[in-house]
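[1] the following block contains a protein sequence and its predicted model.
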Amino acid sequence: MSKINLTKEEILEMHLGGKIGVKLLRDLKTQKDLSIAYTPGVAKVCETIQQNPKEVYKYTAKGNLVAVVTDGSAVLGLGNIGARASIPVMEGKAVLFKKFGQVNAWPVPLENVKTIDYRTDVDKVVDTVASIAGMYGGINLEDIAAPECFEIEERLDSMLDIPVFHDDQWGTAIITLAGIKNYCLLSRKKIKNLGIVINGAGAAGIRIADMLKGAGAKKIVMVDRTGVIYSGRSNLNKYKQKHAIKTRKRTLENAMKGADVFIGVSAPDCVKAKMVKSMRKYPAIFAMANPVPEIMPEIVKEVMGKKPYVMATGRSDYPNQINNVLGFPYIFRGALDAHASTISIAMKHAASEALAKLARAGHVPEEVKKAYNRTNFEFGPNYIIPSPFDPRLLDYVSGAVLKTALQEKENNKKERSESESYFI
């Protein structure tokens, strides 16, 4: 893969006027058209929805519209830059929703939702999003700092009847798990036996640990800015406490010694060559800090020589890019098509498994090869994750999520029916 050189001028030029707009789905050419689209005809549609609220999905844009919500407190690697400065990222997210999942999405940057110490005000965010949720078929939370992001997602998911999904938590986790599954096949290691080190215990790191444990991983050491998260360490929030373990290891260097897998969602250049050397045979290094990873692929290649290993980053100019665009457009597509009220953990695991399977499917379409100017897309150490430009993602991932959502709906119906019959 070749590196792409970008200038500030061409970047700003592409963003002139923004990247998104509104497209009319119906023509408005005559007096009759106007009478149907607006008054007096639109009143009949309002009455129809009032009488049967579920018809809102049939007669409005709600069923295929997602709100991309942020307070601008944790934008990319830029940090707490505020809601207004976050808009280009939220517009970009909307572009990806439409391009890859055929989902309409709109930015909802929230101003004035910070406390006096500049932390995210959970109550304000929850109240605001709940107030505007009626227009949308789903809520994509974006770039909200941890730990507040966990409570915001949990509260909104429990109170709303539409899917709520914080991509910074779950997107990276779903795709990382897919890569680890394929690494296990290549290295002939079982996930339950892997020694895994996760550097970074924010939104992504916590949920990566959750997803890996849900898939059978048992030996995970988490590391944050202070060091290893161990039982008895003070000043741990409840999300970190959940992953605290009994260990004498206290530093990242200690933790990586004898590990099979390193997963970084942290800071650039924090992993040194000697740490990679200390890992077990056939290691996996997922260095996903952006734009500069925890360790550059060139350094890992020099360390490993001809020995087998798997390397993944968050960058598009290296193989095995762990890119959230492989997840959220397709996950929402499946959830919206199912009229799901939540994106369950089963749906997330279904998406991860579908991604892993697609990387092994072979016969990569020609448009993917052209997009990357590359022909070698065979399953192996340099191809454990599908390309974002693979058109089969819509069938594989959205289809898996849709199937799981519908099955869960059917199971819930059966449980309610059995429960009601019990009391008759």
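    Now that the structure is in, tell me what you want to look at.
[2] low-confidence regions, this structure specifically.
    Low-confidence segments of the chain, defined by pLDDT under 70: 1-4, 417-424.
[3] which residue, other than its chain neighbours, is closest to the residue positioned nearest the centre of it?
    A centroid search over the chain (Cα atoms, centre = their mean) returns G171, at 1.5 Å, as the residue closest to the centre. Distances taken as Cβ to Cβ, 6 or more residues apart in numbering place N324 nearest to G171, at 3.7 Å, with adjacent residues excluded. From N, CA and C alone the C-beta is placed, and that goes for glycine too.
[4] and the one you found, how many neighbours?
    21 (other Cβ atoms under 10 Å).
[5] residues contacting the residue nearest to the centre of the chain?
    N324, G327, F328 (Cβ atoms under 8 Å, 6 or more residues apart in numbering).
[6] domain parsing for this protein?
    According to automatic domain parsing, the chain comprises the domains 15-162, 170-424.
[7] quick one: list the elements packing against the lengthiest helix in the chain.
    If you go by DSSP state H, the chain has its longest helix at helix 399-423. Under the contact criterion of 3 or more Cβ pairs under 8 Å, 6 or more residues apart in numbering; DSSP states H and E, helix 399-423 touches helix 328-337, helix 345-360.
[8] nearest to Q31, out of those?
    Nearest to Q31 among those is helix 328-337; the distance by Cβ to Cβ comes to 34.7 Å.
[9] got a list of contacts for that closest one?
    By Cβ under 8 Å, 6+ apart, helix 328-337 touches 63-64, 66, 93, 96-97, 99-103, 137-138, 140, 163, 165, 167, 171, 174, 340, 343, 347-348, 351, 393-394, 396-405.
[10] before we move on, what about stretch 365-382?
    1-2, 182, 186, 308-311, 319-320, 359-360, 362, 364, 383, 387, 389-392.
[11] quick check: ChimeraX command selecting the buried ones in the residues you listed.
    Per 16 or more other Cβ atoms under 10 Å, the buried members of the contacts of stretch 365-382 correspond to this ChimeraX selection:
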select :182,186,309,310,311,319,320,359,364,383,387,389,390,392
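[12] show me the contacts of stretch 365-382 that map onto strands.
    Those of the contacts of stretch 365-382 mapping onto strands are V310, M311, per DSSP state E.
[13] tell me which residues of the longest helix of the chain come out buried.
    G399, A400, V401, L402, T404, A405, E408.
[14] for the first one, give me its contacts.
    Under the criterion of Cβ under 8 Å, 6+ apart, the contact partners of G399 comprise G334, A354.
[15] switch the cut-off to 10 Å
    Y330, R333, G334, D337, A350, A354, R392, L393 (Cβ atoms under 10 Å, 6 or more residues apart in numbering).
[16] straight-line length of stretch 256-265, end to end?
    15 Å (Cα to Cα, to the nearest Å).
[17] and the helix or strand F97 falls within with helix 328-337, angle?
    Using DSSP states H and E, F97 falls within helix 83-101. For helix 83-101 against helix 328-337, the angle between stretch directions is 70 degrees (axes from the mean of the first three to the mean of the last three Cα atoms, to 10 degrees).
[18] next structured bit after helix 83-101?
    Next helix or strand after helix 83-101 toward the C-terminus (DSSP H and E): strand 104-109.
[19] how far does that following strand sit from its chain's centre?
    16 Å (Cα atoms, centre = their mean, to the nearest Å).
[20] what helices and strands are in contact with it?
    Contacts defined by 3 or more Cβ pairs under 10 Å, 6 or more residues apart in numbering; DSSP states H and E place strand 104-109 against strand 65-70, helix 83-101, helix 122-132, strand 138-141, helix 328-337.
[21] name the helices or strands packed onto the third one?
    Right, the one you point to is helix 122-132. strand 65-70, strand 104-109, strand 138-141, helix 148-159.
[22] partner strands of the first one, with direction?
    Strand 65-70 has its sheet partners listed here by DSSP bridges as strand 104-109 (parallel), strand 138-141 (parallel).
[23] okay, the ones you listed, which one's buried deepest?
    Among the strands paired with strand 65-70, the stretch with the highest mean neighbour count (mean count of other Cβ atoms under 10 Å) is strand 138-141, at a mean of 27.
[24] output that strand as CSV - backbone C-alpha positions only.
    The C-alpha trace of strand 138-141 is given here as CSV (Å, rounded to 0.1, in the frame of the first residue of the first chain):
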residue,chain,number,x,y,z
GLY,A,138,-31.0,5.2,15.7
ILE,A,139,-28.5,7.1,17.7
ASN,A,140,-24.8,6.9,17.0
LEU,A,141,-22.8,8.4,19.9
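[25] circling back: can you add distance to A289 and give the helices and strands packed on helix 122-132 back as JSON lines?
    Output for the helices and strands packed on helix 122-132, formatted as JSON lines (distance: least, Cβ to Cβ, whole Å):
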{"stretch": "strand 65-70", "distance to A289": "20"}
{"stretch": "strand 104-109", "distance to A289": "25"}
{"stretch": "strand 138-141", "distance to A289": "21"}
{"stretch": "helix 148-159", "distance to A289": "18"}
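[26] rewinding a little: tell me the one among the buried residues of helix 399-423 nearest to R416.
    Nearest to R416, judged by Cβ to Cβ, of the buried residues of helix 399-423 is E408 at 12.6 Å.
[27] now do the contacts for that closest one.
    A338, A340, S341, T342, S344, A346, M347.
[28] from L394, how far out is it?
    To L394, E408 is 21 Å away according to Cβ to Cβ, to the nearest Å.
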